[in-house]
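Undergrad: below is the sequence, then the predicted model.
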Amino acid sequence: MKIFSKRVLSFVCTSLLVLSSCKKYEDLKKISSTAWNPNLAVPLAHAIFDVYDILAATDSSDLIIIDPNSGEIGLIYSSEIGSFGSTEIVDLGNIVENISINTINLNIPTTPALFGTINSSNPQIIQLNTANGVEVHKVLFKTGTLNLHFESSVQQNLDVTITFPSLLDANGNQIVRTINAIYSGTVPQVADLQIELTGLSGDFTLSNTTFNQMEIDVETTITGTGQPVFGAETFNFNVTSSNFSFENVIGYFGQQNVAQQADSVLIKIFQNATDGVFELQNPKIDFFIDNSFGFPVDIQLNNLKSINVNTNQIVPLGLNNNIINVNPSTGFGQSANTNFQLNTSNTTNLSAVISPTPKYFFYEIDATANPQGNTGIPNFIEDDSKFTLRAEVNMPLDGFAYGFTISDTVDFEFNQNTDLIESIMFRLIADNGFPVQLGTQLRAVDANGNTVFTIFDMPENVVEPAPVNANGIVSASRQKITDINLNDVQINQLKDVKKLIIYGEASTTESQNGVYVKFFDYYKFGLKVAMQVQGSTSF
Amino acid sequence: MSKIKITFVLISLFSSMCVFSQKNFTLYNMKSTPQAISVNPSFMPKAKLYISLPIGMVDFGVTNSAFSFNTLFKKRADDSLAIDAKGVIEGLKPLNYFSVETNNELFGLGIKFKGLYLSFNTTLKSRFNFVYPKDLIQFAFEGNGKNFLDKRVSLDGLSINLNTYVEYAFGATKEINDKLTVGGRLKIISGLANISTKKTELGIYTDPTTFALTIDGSAEINSSNSLFFALDTNNSATSNNFPNTVKSSLFKFVNKGVGIDLGGTYKLNDKLAVNASIIDLGSISWKSNVSNLKTNDINYTFDGIDLNQFLNDTTAKPLGRLTDTLVKVFDYEQNTTKYSTSLNTKIYLGANYNFTKSVNAGALLFNEFIGGKYRAGFSLSMNTMLKRWLVASMSYTMYNGSFSNIGLGLSMNAGPVQFYILSDNVLSFINPLNARNAHLCGGISIAIKGRNKKAGEKATETEIKVQ
């Protein structure tokens, strides 16, 4: 073996083994924590909002109206008030009558002993004691009872038939009651009758000659018992009523007040507004009256005004006419509708009333029945008759706004471990198809209201306004990307934050130049929220 | 160090020790050992009778193509070590792999007579291969918020493969004449377990503005006797009967396979010989406890929770909806259809030159096909018989971008007992912190040599000459 001696090979092998055995792993002891700083970018949420989502999401009772021809939209905020109840307008009162018939009217002579049979007939009138000058012609009773207490000192046998010509049952039959009193040696002879009025109809006109009066015919047959007749005997009826209520009443109900109320409409779009100018081209206030009373009513609108509760600014509304003539119902079960609109034509300052971004529109009504007096046309009322008045503040979104500031406070609680987070960036991507610009600022406060930190020192425009054409219609959408950065200090402070005060300032496109913009139902607002987290840990 | 850190270090060390496993460049040049027929069946062993029990050949190798311990960690100013994420990422190739391969000869028998060597070997083979894209590691270190904005995180090629089987090899080596020796082995294979990633094309794209995440791609994985992917049906393996089903697969040849090894050696002259072999040409058909998973073609963009749904339906649970959506997006088909996998075919092309009767030099070109991808290696070796009972081999190998692989092999005979040990990269044991591969092969067997017919003596050092 000339080229490679065995000794050389042995040396190489031995050296390798020695090197291998001597190799120390000291480097392993030097391994320390390694920083790991991954950066994660993730989308959080996305949405495309239309006008319904933006303007009516908070309360489904709000109404967005769309012009079916143009698609132009408006906002409607409403409230509703009603009249007095029917029983407050027509009170049938109570009947309290004493009917006394003497022996002369009974056709019985004075005698030591009476024998034979004697007949007599004595018609009587009962008065209905109504309130508020109500003249009752006819009544269909819902409930009620007539109580008759009979008491006689005549010592003879008596057959008494009481007929109520004014009271008819459902078949048109007069109500008749009889009393048979057999003299038993003692007086007075007493009897009680009750007439259930439920379902009975009453005519209180005495054949269209008067009102509030009811006739009773008392026919008696006296059969002598041989007892004397002294001439001073009594023959009395006591008539009372209880629990009167009606299904309906026909008559004349006088010029009484049927409603006197105040109400306000909450204009929610301004609910969180603190300041700003808001001018609409054609705001309206509509009153819709639904009347099931069978008599005319005049509603007087009083004290109409808008109220900005933040500034205490009150703007009274000047009216050219504050009376609404309400149509009467045309029949039982029917109701009549009457609409009345306040707009820029019949008011002096309606646009100005809306401009200070009021929170409430306030109004009072005072309603009077039969404003023309008794015209000879009978009134009618049913037990469930009423009128309702719905006031709607109608705001077609055609105008401009600027400096329209809103603020809101929301509770905040964050108890997560943030040790692994070095910074967070929230990204807002607003694709705005509305002619509205929105600047915002966020203030994080602790439990004592002290500011922990703020996002944006000044209101930052997070939504750019879409441009409009000469007709105020949006011609293109605008995208704005806003990054909100939280550093490690702010992230650690999150656990101290208890409330977030969000401040926003909105204005319409070129509002400072008085450019009017319109809102249409096809406008969209796209929002995407993403987050980029810089982690910081070690392993 | 914490347990996690210790575990991480051990994994790093283990993985960093390896590069190419079981190419057996060194064994290829120790032709006189009976085990050399596993890389070229035309190599005629010196022993007339060879018997091997389970320790006859234990071959183990691990590979991490991406980094070593020293490239994984970087020294800081205070002399401490920290993971050099940037350096690791920069050193990664688009696709990197980590593999473990073991061969254990359970039984071996060889008899030589009249220029014919017949052999029978039973070998348990197992290979695990995990391919990981560079983007996966970069994504894990950096997240998607920096370098992956507006760039697709490519997980294409991410795969896991496992192949475990027992092969029963019947071999014959024949000296055709003084110049030509040929050999072949027919392998009957019983598959034990398999995981085969047929396709992985997955990617995550992050929109640079909205951070919307778009996931695309598809994946397809076949498995057999793999508990991890086992079907949850009545016909599937469960944790209770899984060992039994594997054992059943072993002896009943449920997962049949066939393979062949072919080799040839030709002496050009007394000094120079060339040889070649093709190893593991064949396939296995997997039938037992098959679970094939195939995802739908995915193209899904997540751009956050849909606020419209949430606002319009306050009872809605946005995360629940998202989960439902993801379940639909990542829906997959599952079936139990049998499938086949090919063996990892290797081709060796070699040449040897005799300097003396006991010293020769070798050159070897290695070729391999893994998952349809070609890999090559080249090795130079020096082989010598130091004593009649001691044969040594040294090699230098270039493979898969690694150029610092020094191999060493020793084979010793004490009477009929043969002991050998070799490695394709002894530097991994000398300087493990700087190595990316490790390989160790060794064993003890009975090798009874015959008498030299001409001299009537025991085999002499001349037998190390070119065969």
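TA: It's in.
Undergrad: what's the neighbour count on residue A:185?
TA: Counted with other Cβ atoms under 10 Å in any protein chain shown, the neighbours of residue A:185 add up to 7. From N, CA and C alone the C-beta is placed, and that goes for glycine too.
Undergrad: so where is the stretch 351-467 of chain B shaky, pLDDT-wise?
TA: B:370-372, B:400, B:450-467 (pLDDT under 70).
Undergrad: could you give the number of residues near the closest residue to chain A within the stretch 351-467 of chain B?
TA: With Cβ to the nearest Cβ, the shortest gap between the stretch 351-467 of chain B and chain A falls at residue B:430, namely 4.4 Å. By other Cβ under 10 Å, the residues close to residue B:430 number 19.
Undergrad: residue contacts, residue A:371?
TA: A:255, A:296, A:297, A:298, A:325 (Cβ atoms under 8 Å, 6 or more residues apart in numbering or on different chains).
Undergrad: buried set for stretch B:108-118?
TA: B:108, B:109, B:110, B:112, B:117 (16 or more other Cβ atoms under 10 Å in any protein chain shown).
Undergrad: got those residues as JSON lines, with distance to residue B:144 columns?
TA: Listed next are those as JSON lines, based on distance: Cβ to Cβ, whole Å:
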{"residue": "B:108", "distance to residue B:144": "53"}
{"residue": "B:109", "distance to residue B:144": "58"}
{"residue": "B:110", "distance to residue B:144": "58"}
{"residue": "B:112", "distance to residue B:144": "63"}
{"residue": "B:117", "distance to residue B:144": "60"}
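Undergrad: could you list which of these belong to strands?
TA: In strands, defined here by DSSP state E, the members of these are B:108, B:109, B:110, B:112, B:117.
Undergrad: so how far is residue A:265 from the residue lying farthest from the centre of chain B?
TA: Within chain B, residue B:312 marks the point farthest from the mean C-alpha position, 56.8 Å out by Cα atoms, centre = their mean. Distance, residue B:312 to residue A:265, using Cβ to Cβ, to the nearest Å: 27 Å.
Undergrad: ok, residue B:32 next?
TA: 107 Å.
Undergrad: ranges for the helices of the stretch 201-350 of chain A?
TA: With DSSP state H, counting those that start in this stretch as the criterion, the stretch 201-350 of chain A has helices at A:350-354.
Undergrad: in it, what residue is nearest chain B?
TA: For the stretch 201-350 of chain A and chain B, the shortest gap (Cβ to the nearest Cβ) falls at residue A:268, measuring 16.8 Å.
Undergrad: how many residues are close by that residue?
TA: 16.
Undergrad: does it touch residue A:77 like I think?
TA: Yes - distance between residue A:268 and residue A:77: 6.3 Å, which falls inside the contact criterion (Cβ atoms under 8 Å).
Undergrad: any idea which element the nearest residue to residue B:297 once chain neighbours are set aside lies in?
TA: By the measure of Cβ to Cβ, 6 or more residues apart in numbering or on different chains, the closest residue to residue B:297 outside its immediate chain neighbours is residue B:218, 4.9 Å from it. When elements are assigned from DSSP states H and E, residue B:218 belongs to strand B:213-224.
Undergrad: other SSEs contacting the lengthiest strand in chain B?
TA: What stands out as the longest strand in chain B, according to DSSP E, is strand B:180-206. If you count contacts as 3 or more Cβ pairs under 8 Å, 6 or more residues apart in numbering or on different chains; DSSP states H and E, strand B:180-206 packs onto strand B:116-133, strand B:152-154, strand B:159-175, strand B:213-224, helix B:242-252, strand B:256-267, strand B:272-286, strand B:339-342.
Undergrad: related to what we said a few turns ago, so what strands line up beside the strand holding residue B:218?
TA: strand B:180-206 (antiparallel), strand B:290-295 (antiparallel), strand B:298-302 (antiparallel) (DSSP bridges).
Undergrad: got the angle between that strand and strand B:272-286?
TA: Calculated by axes from the mean of the first three to the mean of the last three Cα atoms, to 10 degrees, strand B:213-224 forms an angle of 100 degrees with strand B:272-286.
Undergrad: report the buried residues of strand B:213-224.
TA: Using 16+ other Cβ under 10 Å as the test for burial, strand B:213-224 gives B:213, B:214, B:215, B:217, B:219, B:220, B:221, B:222, B:223, B:224.
Undergrad: pLDDT of that strand, averaged?
TA: Mean pLDDT, strand B:213-224: 93.
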